[in-house]
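Enquirer: based on what follows, work out the 3D shape:
(2 chains)
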Amino acid sequence: MSRRYINLILILVLLAVSAWASFTNSGLGSFQPKTVLGLDLRGGLQVILEADVADGIAVSRQDLEDAKQILENRANALGVSEVTFQVAGDKSIVGEFPGVSDPQEVISTISKVALLEFVDFGDEDPYALMGKTVITDEGRAVEVEGTPTPGPEVTPTAEPGITEKTWHTIMIGSDLKEVGVIPVQGSPYYEISFVLSENGAKVFREFTSANQGKILGIVLDKVVISAPSINEPITDGQGVITGKFTRDEANNLAVQMRYGSLPIPLKLVQTRLIGPTLGADSLNKSLIAFAIGFAIVLLFMAIYYRIPGLVADLAIISYAVIAFAIFRSIPITLTLSGIAGFILSTGSALDANILSFERMKEELRAGRTVTQAIELGWKRAWPSIRDSNIAALITSAILFWFGSTFGASVVKGFALTLALGVVVSVFTALFVTRNFLGVILSWVKDPEKRPGLFGL
Amino acid sequence: MIDILGKRYFYFLFSLLIIIPGLIVLAINGLPLAVDFKGGSLLEVQFINAELPSTEEIVRIYESNGFNEVYVQRTSLKQGTPEDSLIIRSPFMDDAMRTTIVDTLKTNFNAPDLALTRFESVGPSIATEVAQRAMLAVAVAALAVILYITLAFRGVPHAFRYGVCAIAAMVHDILIVISVTAIGGQLFGWQVDSLYLTALLTVIGFSTQDKIVVFDRIRENSSFLRRLSFEKLVNHSIVQTLQRSINTQLMTVEFMLLALALFGGVTLREFAVILLIGLFSGTYSSIFIAAPLLVIWENKEWRNWFGRKSSHVA
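Expert: Numbers count the residues shown, from 1 in each chain, chains lettered A, B, ... in the order given. Coordinates of the predicted model:
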């Protein structure tokens, strides 16, 4: 019996922690549980971009990852929060933009052709430049190159700031032939090596010879991504950018330099937009539906199975609290189909209880004591609980694979919540129902003489 | 004890009564595929402070932009309120075209507050690919389940039969769902989208779960009820698990789904109804299809089919 009470205390602690994780808004330190709603529930835009290559031509994983990286950089410039991009399958990228209600701006931003420029920043402070959006004269070549144009008519009263001044672009990305990342001998850092085209080599030779010690910035879509200083003239069209780069930082910069434009042409093959009203409406209604269904089921269990039924109700509520706590802690994005998966795994949770209660009743009818009946009921019901839930897990795994390969987040969300729900449901049935039932029935005198307690 | 297996051929007949008409509708009209699986666009717009334009007017706007197959459906964004929205289905369009069309709608129908509720546009290539992989997913799931059942039942004679019968019953459930969908597509405008696919895959998962519960009882009983004929043994096992089947499937899961169908949002209703039918079929087929098939296989009853054809036509 004492073992039972220890288990009981463990369960209560687990429930208290889960309840806290299910409802807290503040979290604890780095552990911040939160409810993440999918696009279908809060509204937003999902796009699928596919590599625009002829059939049969393979797209390398690296190209897709690089393209994803570039898309992320572009989207971040939009200021939409929680944008995610994922590589799906062997030639697609799925982008999700929560809360976006007008796809036009997003789509034009992510599908534009990027411009990489090498800009003469003179003696500017490299740290002040990083990440700034600057104005350059690229694209206005006619005005700038050749004869110097007269300055603006307004008399400058103060030195214009970094972001206000027009800087001169000496070369653009198309003159960059190769970009690589190499480790620095004898240090944990990496550097970026590059090879220029013939024209680029000539421009660089003249510029770097004349501007040693000055800053030559690398600007992607008018944003400064690197601001190295010229240590020595680059005369042969090959150079390196050194700095205390980690491997990831160096890779990141190399990717941006290599593919000012995307490494592979992408085309928009799917757009899905859910307005915020439809999303909120769906969320409210599914929640109400869930509450009603849940209440009816709890009532049914209590009426039909009496004491065991009430204990099962407790187990089902624990199941819901624990599962929700897990969803919030990981966190798993909740979608409509995810909620459906959750509701269905509630069915699994009930099934485990019902299977063992039916067995328990059989054993009681056969004249066993209550303690024996509980133990035998679980033992007999276990093979079918095990096998049926493993079958459900197999199906979930296959669905999850299908969903992630195709950016079918509907299917993926469903599979994930179903699988988690199945695992939690077996746990609550085995652990919560069994222990609580044992403890509660130990308080009842001569339960064998009161079959009404078991709905017999 | 109730004799369930005695009338086994009637159950088959009953299922065929649903499946055959469904398959006929399917053969004539095909499945009502949504944009997810055949490619195309769906535009849902809500007319705020403006009259709903007629279908002909919408079709004319689309035609002037080069779209021929256009279907317009009237609906209301919130259940129970007057119709205020249009769902327009057309071939695939890009975002620039969507902007043009929405702008045209705003100016032509004097609806500056027109709200874009939903826009889905799926290229034809990706749609075919998704549909093919979906079928692959179903096939792989079925195979994995046969393997698992064969493994889990390795202690009983002819373990492989259990797997095959479970899959046969699962095919029955899929056929029932597809037949009902084909008919529902004609009567209520149901569409097969990725949420539908999720429902179908769930039916498959739970269908197996249900068969396993019944088979498990047969497995258990066969170890100590050796003197009974196989038919009696199976019948006995079905009756023993009947209460559980009714309680789990009808009283709890189906109640949850019914709540979802009645009170859930518009987007979930069709999903809930499909699941309701599919899971019911799953329970039905464990008792009335899978278990009888096991008995037929054990008795090798097909030997009699040709001799006494008249009494057993199913």
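Enquirer: near chain A at all, stretch B:216-225?
Expert: Yes - against chain A, stretch B:216-225 shows contacts by CB under 8 Å from any CB of the partner chain at B:Asp216, B:Arg217, B:Arg219, B:Glu220. Any C-beta I mention is one placed from the backbone N, CA and C, and that applies to glycine too.
Enquirer: now the helix or strand hosting B:Leu200: how far from the chain's centre is it?
Expert: Using DSSP states H and E, B:Leu200 sits in helix B:194-222. The chain centroid and the centroid of helix B:194-222 are separated by 14 Å, computed with CA atoms, centre = their mean, to the nearest Å.
Enquirer: ok, back up a step: please identify which pair of the residues of stretch B:216-225 next to chain A lies farthest apart.
Expert: The distance between the two most remote of these (CB to CB) is 7.2 Å, for B:Arg217 and B:Arg219.
Enquirer: can you pull the pLDDT of B:Phe12?
Expert: pLDDT recorded at B:Phe12 is 92.
Enquirer: and it, what are its phi and psi?
Expert: The phi and psi values for B:Phe12, taken as degrees, to the nearest 10, are phi -60, psi -40.
Enquirer: about what we covered before: most neighbours, which of the residues of stretch B:216-225 next to chain A?
Expert: With neighbours taken as other CB atoms under 10 Å in any protein chain shown, the top of these is B:Asp216, carrying 25 neighbours.
Enquirer: the residue lying closest to that residue once chain neighbours are set aside: what's it in contact with?
Expert: Of all residues not flanking B:Asp216 in the chain, A:Ser384 sits nearest, at 3.7 Å (CB to CB, 6 or more residues apart in numbering or on different chains). Contact analysis of A:Ser384 by CB atoms under 8 Å, 6 or more residues apart in numbering or on different chains lists A:Leu355, B:Ile212, B:Val213, B:Asp216, B:Arg217.
Enquirer: quick check, A:Ser384 in a helix?
Expert: Yes - assessed by DSSP: H, G, I helix; E, B strand; the rest coil, A:Ser384 belongs to a helix.
Enquirer: tell me the spacing between it and A:Gln212.
Expert: 80 Å (CB to CB, to the nearest Å).
Enquirer: over to A:Phe357?
Expert: 85 Å.
Enquirer: the two: who's more crowded?
Expert: Higher neighbour count among A:Phe357 and A:Gln212: A:Phe357, with 29 against 11, using other CB under 10 Å.
Enquirer: the helix or strand that one falls within vs helix B:194-222, what angle?
Expert: When elements are assigned from DSSP H and E, A:Phe357 belongs to helix A:336-365. Here helix A:336-365 runs at 20 degrees with respect to helix B:194-222, directions being taken by axes from the mean of the first three to the mean of the last three CA atoms, to 10 degrees.
Enquirer: buried sites along helix A:336-365?
Expert: Within helix A:336-365, the residues scored as buried using 16 or more other CB atoms under 10 Å in any protein chain shown are A:336-364.
Enquirer: for stretch A:4-16, same thing?
Expert: By neighbour count on 16+ other CB under 10 Å, the buried set for stretch A:4-16 is A:Asn7, A:Ile11, A:Leu14, A:Leu15.
Enquirer: and the most centrally placed residue in chain A, bridged to which residues?
Expert: Taking CA atoms, centre = their mean as the criterion, A:Thr84 is the residue nearest the geometric centre of chain A, at 6.4 Å. Judged by DSSP bridges, the bridge partners of A:Thr84 are A:Glu96.
Enquirer: pretty sure it is touching A:Asn76, no?
Expert: No - between A:Thr84 and A:Asn76 there is no contact under CB atoms under 8 Å: 11.3 Å.
Enquirer: just give the nearest non-adjacent residue to B:Gly155, would you?
Expert: With sequence-adjacent residues excluded and distances taken as CB to CB, 6+ apart, B:Gly155 is closest to B:Arg219, at 7.2 Å.
Enquirer: the closest residue to A:Arg365 other than its chain neighbours: which element?
Expert: Closest residue to A:Arg365 apart from its sequence neighbours, by CB to CB, 6+ apart: A:Leu456 at 7.0 Å. Counting by DSSP H and E, no helix or strand carries A:Leu456.
Enquirer: hang on, isn't A:Leu456 packed against A:Ala366?
Expert: No - counting by CB under 8 Å, A:Leu456 does not reach A:Ala366; the two are 11.7 Å apart.
Enquirer: domain parsing for the chain?
Expert: No chain in the question, so chain A it is. With automatic domain parsing as the criterion, the domains of chain A are listed as A:2-38+A:275-454, A:44-112+A:267-272, A:116-143+A:163-260.
Enquirer: correction: the question concerned chain B.
Expert: Split by automatic domain parsing, chain B gives B:5-35+B:126-312, B:40-122.
Enquirer: what about the last one, how long is it end to end?
Expert: When you say that, I think you mean domain B:40-122. Separation of the first and last residues of domain B:40-122 by CA to CA, to the nearest Å is 5 Å.
Enquirer: what about that domain, average pLDDT?
Expert: Averaging pLDDT along domain B:40-122 gives 86.
Enquirer: now check that domain, is it near chain A?
Expert: Yes - counting by CB under 8 Å from any CB, contacts between domain B:40-122 and chain A involve B:44, B:46, B:77-78, B:94-95, B:98-99, B:115-122.
Enquirer: which positions in stretch B:153-170 come out as buried?
Expert: Buried, per 16+ other CB under 10 Å, within stretch B:153-170: B:Phe153, B:Ala159, B:Arg161, B:Tyr162, B:Gly163, B:Val164, B:Cys165, B:Ala166, B:Ile167, B:Ala168, B:Ala169, B:Met170.
Enquirer: quick revisit: would you turn the domains of chain A into JSON lines with mean pLDDT?
Expert: Output for the domains of chain A, formatted as JSON lines (pLDDT from 0 to 100):
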{"stretch": "domain A:2-38+A:275-454", "mean pLDDT": "85"}
{"stretch": "domain A:44-112+A:267-272", "mean pLDDT": "80"}
{"stretch": "domain A:116-143+A:163-260", "mean pLDDT": "81"}
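Enquirer: fine, thanks again, bye for now.
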